[in-house]
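Peer 1: Build the 3D model from these lines:
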Amino acid sequence: MEFFKSIFLLTTLSSLLSSFSIQAHNVAPSSAPTTSPNTQISFTATTPLLRPKPIATELIPSLPNLPQVATMLSLNIPTLDLSIIDNNIETICSGTDYFTECLLGIIPHFNDFAKEGINPSSVLKMEMATLCDKATETVKEVTTMREHSSTSLVVSGILDTCVENYESLLEDLKDAVRALEIHDLGRLESLVSATLQDIVTCSDSFHERPGVRSPLADGDDLLKKMCSNILAISSSIKFY
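Peer 2: Numbering: from 1, shown residues only. Now for the predicted structure:
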């Protein structure tokens, strides 16, 4: 009798285990979270498109103006790659007054000069090339703005002055590049100071006309900061 009870218990237990296994097998896996195509890119270390190194992971939260500066430098924010930022770049840019502008200023021409190694000289070349790009773009914008039918005669006249100053700025930048190539840091700093004055002259032309707001204010501000950074970086270069 005890034998048949044991057989009955074993059969029941086996049936229960089999039923549990079937139910577990049929449970549908939970759906993976989906991301709406309209979700904005968040500048955090977990954003896969950024693929930052650890140093970038620490920096991103401290750069609240990064999206604005990136846009003004015509950098594509969703695909912005900060993986090139390392300790050397952070150290160099920490010596400038405009940290975010310095970091982003290296990106457009990083591959052009990184082969020289990451040092103040190569970073300076990256920054100067980006400044030249932005100034060239500004000249085109100002020329178009000046000739637009909606631009008043007063503003158009001021923009004439700005075009002249930006063209002078571009020439000064070309000379500054040559000065860097021959290690003439004194002339380099003098020329970059002249480019800064070119921008200030354009800005002042608007300030001198009460009630006239400069359509170039934001762009001028960025160019001034880039010039300031270039001067700061150049002061840290030592040629032997």
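Peer 1: Give me the local confidence score for the residue positioned nearest the centre of the chain.
Peer 2: The centroid of the chain falls nearest to Leu104 when counting by CA atoms, centre = their mean (3.4 Å). With respect to pLDDT, Leu104 scores 94.
Peer 1: What are the buried residues along the strand or helix carrying Ser190?
Peer 2: Under the criterion of DSSP states H and E, Ser190 resides in helix 185-207. For helix 185-207, burial by neighbour count (16 or more other CB atoms under 10 Å) applies to 185, 188-189, 191-192, 194-200, 202-203, 205-206. Yep, even glycine has a C-beta here, placed from its N, CA and C like the rest.
Peer 1: okay, now Val163: neighbour count?
Peer 2: 17 (other CB atoms under 10 Å).
Peer 1: Return the distance of it relative to Ala114.
Peer 2: In this view, Val163 and Ala114 are 34 Å apart by CB to CB, to the nearest Å.
Peer 1: With Val212 instead?
Peer 2: 43 Å.
Peer 1: Tell me who's in contact with His183.
Peer 2: His183 is in contact with Phe239, counting by CB atoms under 8 Å, 6 or more residues apart in numbering.
Peer 1: which SS class is it?
Peer 2: coil (DSSP: H, G, I helix; E, B strand; the rest coil).
Peer 1: Glu127 contacts Ile230, doesn't it?
Peer 2: Yes. Here Glu127 reaches Ile230: they are 5.3 Å apart, a contact under CB atoms under 8 Å.
Peer 1: dump the residue contacts of the nearest residue in space to Thr151 that is not next to it in sequence.
Peer 2: Nearest residue to Thr151, sequence neighbours excluded (CB to CB, 6 or more residues apart in numbering): Met145, at 6.0 Å. By CB under 8 Å, 6+ apart, the residues touching Met145 are Thr151, Leu159, Pro215.
Peer 1: pretty sure the first one contacts Leu159?
Peer 2: Right, the one you point to is Thr151. Yes. If you go by CB under 8 Å, Thr151 and Leu159 touch, sitting 7.2 Å apart.
Peer 1: Looking at the two, which has the bigger crowd around it?
Peer 2: Leu159 (26 against 16).
Peer 1: so where is the chain shaky, pLDDT-wise?
Peer 2: 1-61, 240 (pLDDT under 70).
Peer 1: And the helices in it?
Peer 2: Assigned by DSSP state H, the chain shows helices spanning 2-26, 54-59, 66-72, 87-94, 99-105, 110-113, 120-147, 153-181, 185-207, 217-234.
Peer 1: separation between the nearest residue to Ile106 once chain neighbours are set aside and Ile89?
Peer 2: Excluding the flanking residues, the one nearest Ile106 by CB to CB, 6+ apart is Met126, at 4.3 Å. Met126 sits at a distance of 10 Å from Ile89 (criterion: CB to CB).
Peer 1: neighbours around Asn76, how many?
Peer 2: 10.
Peer 1: residue contacts, Phe110?
Peer 2: By CB under 8 Å, 6+ apart, the contact list for Phe110 reads Ile84, Met126.
Peer 1: quick one: it from His183, how far?
Peer 2: Taking CB to CB, one finds Phe110 at 22 Å from His183.
Peer 1: got it, and Asp97?
Peer 2: In terms of CB to CB, Asp97 sits 25 Å off from His183.
Peer 1: burial of Ser156, as a residue count?
Peer 2: Ser156: 13 neighbours (other CB under 10 Å).
Peer 1: Go ahead and confirm it touches Arg146.
Peer 2: Yes. Under the criterion of CB under 8 Å, Ser156 is in contact with Arg146, at a separation of 5.2 Å.
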